[in-house]
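1. fold the following.
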Amino acid sequence: MKTVTYMTTAEVAELLRTSPETVRYWRHIGSGPRSFKVGRRVLYDSNDVTTWLAEQKENA
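-> Residues are numbered from 1 along each chain as shown. The predicted model follows:
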């Protein structure tokens, strides 16, 4: 069974060395890693964050 780790906006920001506000802005304009809501909390699948980061590196 595959283990899935979910990250908060603050954890994604820390990983990407940016502010949580920047991650929220990316989510708002649709350019950041995929996210989803559980109640009022926004979460990110760590695999989606890794995939998004690899795509950014390829497009740089």
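
2. now do the buried residues in the lengthiest helix in the chain.
-> In the chain, with assignment by DSSP state H, the single longest helix is helix 46-58. Within helix 46-58, the residues that count as buried by 16 or more other CB atoms under 10 Å are 46, 48-49, 52. (Each C-beta comes from the backbone N, C-alpha and C, glycine too.)

3. please apply the same query to stretch 33-43.
-> Counting neighbours by 16+ other CB under 10 Å, stretch 33-43 gives 33, 35, 42-43 as buried.

4. what is the longest helix of the chain packed up against?
-> Judged by 3 or more CB pairs under 8 Å, 6 or more residues apart in numbering; DSSP states H and E, the packing partners of helix 46-58 are strand 6-7, helix 9-16.

5. kindly export it (C-alpha atoms) in CSV.
-> Below are the C-alpha coordinates for helix 46-58, written out as CSV (Å, rounded to 0.1, in the frame of the first residue of the first chain):
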residue,chain,number,x,y,z
SER,A,46,3.4,15.6,-1.3
ASN,A,47,3.6,13.7,-4.6
ASP,A,48,1.7,16.5,-6.4
VAL,A,49,4.1,19.0,-5.0
THR,A,50,7.1,17.0,-6.1
THR,A,51,5.6,16.6,-9.6
TRP,A,52,4.8,20.3,-9.8
LEU,A,53,8.4,21.2,-8.7
ALA,A,54,9.9,18.9,-11.4
GLU,A,55,7.7,20.5,-14.0
GLN,A,56,8.9,24.0,-13.0
LYS,A,57,12.5,22.8,-13.3
GLU,A,58,11.9,21.4,-16.8
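
6. distance from the chain centre to that helix, please.
-> Remark: helix 46-58 is offset 9 Å from the chain centroid, using CA atoms, centre = their mean, to the nearest Å.
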